[in-house]
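> Prediction below, plus the sequence it came from.
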Amino acid sequence: MASRDPAADLRRIAFLLERANEATYRVRAFRSAAKTVAALPAAELAERTAEGTLAKLPGVGDVTARCITESLAGEEPVYLRRLETTEGTDLQGAAAALRQALRGDCHAHSDWSDGGSPIEEMALAAVEVGHEYLVLTDHSPRLTVARGLTADRLRKQLDYVARLNDALPDGFRILTGIEVDILADGSLDQEDELLARLDVVVGSVHSNLRDESPKMTRRMLAAIANPHLDILGHMTGRKVSAAGEGDRAHRGGRTRPPSTFDLDKVLAACVEHGKAVEINSRPDRLDPPKRMLTVAVEAGCLFSIDTDAHAPGQLDWQRYGCERAALCGVPADRVVNTWSAERLLEWTAGHSAAE
Ligand SMILES: [Zn+2]
Ligand SMILES: [Zn+2]
């Protein structure tokens, strides 16, 4: 039997574990083993397999060694086969059509802030799930707990992404961005000059989530009116289950009720300024709740169905956002990430120039 690519099998296992929201340390074992194997000459790998000394390699343990052995023997590793067979059911009808229409993801983190993986691994996973673009949105300075990027580090990231884009496959690119904190007074936590340079700006509330409704409303309205903001991230801040792996901006392991604000005013402002309401797909968030999503559809809002991924496999979570969007009657042409990168960039540049 022809042997399989053991590094590819190990990476696929990591992807499926991340998608299932498994603990980071479990996933890391497979990613580091994949790295070691990929860097090893084929002859040495074969020799170690024959001798049974794979587990002596850095980053390789008994479980990953077994996977490598099976893979080299041309068998699908048992570990991988089990994961593949416990995969979720396929999306149906409108949700499937919506997922099919998505061409990118506007909210994802790398290990530059609180994500678990390098930018290039996130990008390759985005290619794998069929995207044409991925907006990189690491956190802003005030969110120190999530290693928010200072202006200086963000400038470095922009240079890095420019170089990386040259090396990525044709037909795919990383768009620059940020998940910028909406501060207590509604201002955005990054320099104006930098916000203007970024392709896409997601703005989210991460602090003082229990502000009283009038205060929270003023805060959100100020942020939505800010010409730099393009997408309002996880608008209620609710947590429906314990914090997901890697999402350090929101750890604490408890659920959290939605914050209170004047929904009609906030949605009307989004429509007036042409800003999108994020449909956050994280299983621990599912934000906004369906009743609010339905109101937003009626109000005429634009949407962005995002994963808020903190690991490569989480980029496949858009299915959860699509299911809820379909249930609430979100039309595909009002979802900004069904648009081409060019149209998306025209849109984001449009409202910054207009005001
Ligand atoms: Zn956030
Ligand atoms: Zn985020």
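The structure has been received and is ready for your questions. Numbers count the residues shown, from 1 in each chain. Ligands and ions are numbered 1, 2, ... in the order given.
> Not counting sequence-adjacent ones, nearest residue to residue 17?
residue 27 (4.7 Å; C-beta to C-beta, 6 or more residues apart in numbering). Quick note: C-beta positions are derived from backbone N, CA and C, even for glycine.
> which element is the one you found on?
helix 24-39 (DSSP states H and E).
> by how many degrees do the helix or strand just after that helix and helix 24-39 diverge?
Once the chain leaves helix 24-39, the next helix or strand it forms, by DSSP H and E, is helix 42-51. With axes from the mean of the first three to the mean of the last three C-alpha atoms, to 10 degrees as the basis, helix 42-51 and helix 24-39 are set at 120 degrees to each other.
> Can you mark which positions in the next helix or strand after helix 42-51 are buried?
As assigned by DSSP H and E, the chain's next helix or strand after helix 42-51 is helix 62-72. By neighbour count with 16 or more other C-beta atoms under 10 Å, helix 62-72 contains the buried residues 63, 64, 65, 67, 68, 69, 70, 71, 72.
> can you count the residues close to the nearest residue to residue 337 once chain neighbours are set aside?
Nearest in space to residue 337, with sequence neighbours left out and distances taken as C-beta to C-beta, 6+ apart, is residue 104 at 4.9 Å. Residue 104: 27 surrounding residues under other C-beta atoms under 10 Å.
> give the contact list for residue 104.
By C-beta atoms under 8 Å, 6 or more residues apart in numbering, residue 104 lies in contact with 126, 131, 132, 133, 134, 135, 175, 337, 341, 344.
> again, but for residue 304
106, 107, 231, 276, 277, 278, 279, 335, 336, 337.
> closest to ligand 2 among those residues?
residue 107 (5.7 Å; C-beta to the ion).
> Among the contacts of residue 304, the buried ones, what's the PyMOL command?
Buried residues among those (16+ other C-beta under 10 Å), as a PyMOL selection:
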select buried, resi 106+107+231+276+277+278+279+335+336+337
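> any idea how far the nearest residue to residue 225 once chain neighbours are set aside is from ligand 1?
Leaving aside its sequence neighbours, residue 225 sits nearest to residue 273 (C-beta to C-beta, 6+ apart; 6.0 Å). In this structure, residue 273 and ligand 1 are 21 Å apart, going by C-beta to the ion, to the nearest Å.
> Break down the stretch 201-350 of the chain into its strands, ranges please.
231-232, 276-280, 302-306 (DSSP state E, counting those that start in this stretch).
> Reformat these as a markdown table; add distance to residue 38 and mean pLDDT.
Shown next, in a markdown table, are the strands of the stretch 201-350 of the chain (distance: least, C-beta to C-beta, whole Å; pLDDT from 0 to 100):
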| stretch | distance to residue 38 | mean pLDDT |
| --- | --- | --- |
| strand 231-232 | 35 | 98 |
| strand 276-280 | 33 | 98 |
| strand 302-306 | 30 | 98 |
